[in-house]
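J.: Predicted model follows, preceded by the sequence.
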Amino acid sequence: MKRVLIITYYWPPSGGSGVQRWLKMSKYLPEYGWQPVIYTTENAEYPSIDESLLKDVDPNMEVIRRPIFEPYSFYKRFLGIKKDERVKVGFIHEKEKKQGWKERFSLWIRGNLFIPDSRRLWVRPSVRYLTEYLKEHPVDAIISTGPPHSMHLIAMRLKESLGIPWIADFRDPWTEIDYYNDLHLTRWADRKQHRLECEVLTQADKVVTVSPDGARRLGRLGNRNVRTIYNGFDRGEDLICVPTPSEKFTLTYLGVLSKIQSPNNLWQALGELVKEDDNFASNLRINMIGQIDQSATASLQENGLADYVSFTPYIPHNQVANVHQSSSVLLLLLMPDSEPRAKGLVTGKLFEYMASGRPILCIGPEDGDAARILRETHAGQTVSFENKEKIKATINDLYQKFVENDLPSNESKEVEKYSRKAMAAEYGRLLNKID
């Protein structure tokens, strides 16, 4: 069996979305002739911890853990943050707080001195260690997955010195990520970010990302073809029991929700339905699970929904399938059409939602990649962020179907082509082409 070195910052016991793609790819790649060797951190600052994911790691898989210097310990001490408090990803603010000079200064340091990201200090020691390791334990290919995009720099240096074929895997964009402008970069830092991004895109043997529009955007930056391999799902994964849907009309969102993703028109539509229909109000329940920006919390309250919503900071992944199946409708909240990368936003939760068979309501571009997948698989429907009346009518229609016990259940065979195993098969074929 051929060996592939996978360089990833996120690995169990890390929780959250960043760990899922390569935890699952590694699980299935051996079926397609490739044995993963995982290179990851020993003492990382993860945004969440989920011990339940350790069961997906084959005990025979080689996992190399090396210490990393995390600047977050100094960051926390400087800002007076508790040592055991987790640093939020993607500029999520769960509490309303004015940004003082310390926060602004720390952000400037992060954006202008830690390029491409705060894990850059792991690049040189990792290259030094892996150069010696690979001389004694050769591999046939390397895959780096980002963010953090420092992982790509490790792989790029190894390819330069050892000539090993390399695939750069982008779970999210680099300079086109939605919070890039929040880093307050100097012109010098911005140029350096773009230069490093271009080096990775042009020097990797293959570049992969998670959506067709994202592939087109990365392709333009690097002047090359970029392959799309989706995240996928494991059907019935971790289903502890087969739950019955809630007696309430339950809308569930699960994951990170940034300020830009919070659909105020959705909250307004729900608020109006609550005021107009007492039966709707008595049946409504909203589950918000994950890191939710305070702007969404405030909008829910402003629209009179405080009594109908519950917030849960995190649930272990082995409980996710049960939460999905006990919900009436699953909310997929993307971005307004005006955002440059909105059409290409295909989150991992989309596929896990699809596996549940529950109806999906997507708030995002109606001509985007996620909307196309939902249409093809008959797994749900998409309404634009800007169209409040259509959002309201769609929710009311779903509610009427709920009352009549006639909510749609997705049984389309088209869903199966997005399984984790199918995605690993695609990766196996791509690896065979660069070997």
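T.: Okay, I see it. Residues are numbered from 1 along each chain as shown.

J.: Do you know the pLDDT at the residue lying farthest from the centre of the chain?
T.: For the chain, the C-alpha farthest from the mean C-alpha position belongs to D278; by Cα atoms, centre = their mean, that distance is 36.9 Å. The score at D278 is 96. That number is its pLDDT.

J.: Where does the prediction get shaky in the protein?
T.: In the predicted model, the chain carries pLDDT under 70 at residues 72-99, 236-245, 435.

J.: how is it carved up into domains?
T.: 2-232+420-434, 249-415 (automatic domain parsing).

J.: Could you measure from L330 over to P408?
T.: Using Cβ to Cβ, to the nearest Å, we find L330 at a distance of 12 Å from P408. Bear in mind the C-beta positions are built from the backbone N, C-alpha and C, glycine included.

J.: what touches both of the two?
T.: Overlap between the neighbourhoods of L330 and P408 consists of P359, taking contacts as Cβ atoms under 8 Å, 6 or more residues apart in numbering.

J.: what about the two, which has more around it?
T.: A direct count of neighbours by other Cβ atoms under 10 Å for L330 and P408 places L330 higher, at 27 against 15.

J.: Over to that one. Which of the three states is it?
T.: Under DSSP: H, G, I helix; E, B strand; the rest coil, L330 falls in the strand class.

J.: picking up where we left off before, looking at the backbone only, give me phi and psi for the residue farthest from the centre of the chain.
T.: For D278, the backbone dihedrals (degrees, to the nearest 10) come out as phi -60, psi -40.

J.: ok, now how distant is it from N303?
T.: For D278, the distance to N303 under the criterion Cβ to Cβ works out to 17 Å.

J.: and what of Y133?
T.: In this view, Y133 and N303 are 55 Å apart by Cβ to Cβ.

J.: cool, A342 as well?
T.: Distance, A342 to N303, by Cβ to Cβ: 23 Å.

J.: chain center to the lengthiest strand in the chain: distance?
T.: Among the segments of the chain that qualify as a strand by DSSP state E, the longest is strand 34-41. Taking the mean of its C-alpha atoms, strand 34-41 sits 20 Å from the chain's own mean (Cα atoms, centre = their mean, to the nearest Å).

J.: Mind giving me the packing neighbours of that strand?
T.: Helices and strands in packing contact with strand 34-41 are listed as strand 2-7, helix 20-28, strand 62-66, helix 420-434; criterion 3 or more Cβ pairs under 8 Å, 6 or more residues apart in numbering; DSSP states H and E.

J.: possible to save these as CSV with mean neighbour count and distance to I289?
T.: As requested, the helices and strands packed on strand 34-41 are arranged in CSV below (neighbours: other Cβ atoms under 10 Å; distance: least, Cβ to Cβ, whole Å):
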stretch, mean neighbour count, distance to I289
strand 2-7, 22, 28
helix 20-28, 23, 15
strand 62-66, 15, 29
helix 420-434, 17, 22
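
J.: Let's have the ones you listed in a markdown table, adding distance to F249.
T.: Below are the helices and strands packed on strand 34-41 laid out as a markdown table (distance: least, Cβ to Cβ, whole Å):
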| stretch | distance to F249 |
| --- | --- |
| strand 2-7 | 42 |
| helix 20-28 | 29 |
| strand 62-66 | 44 |
| helix 420-434 | 31 |
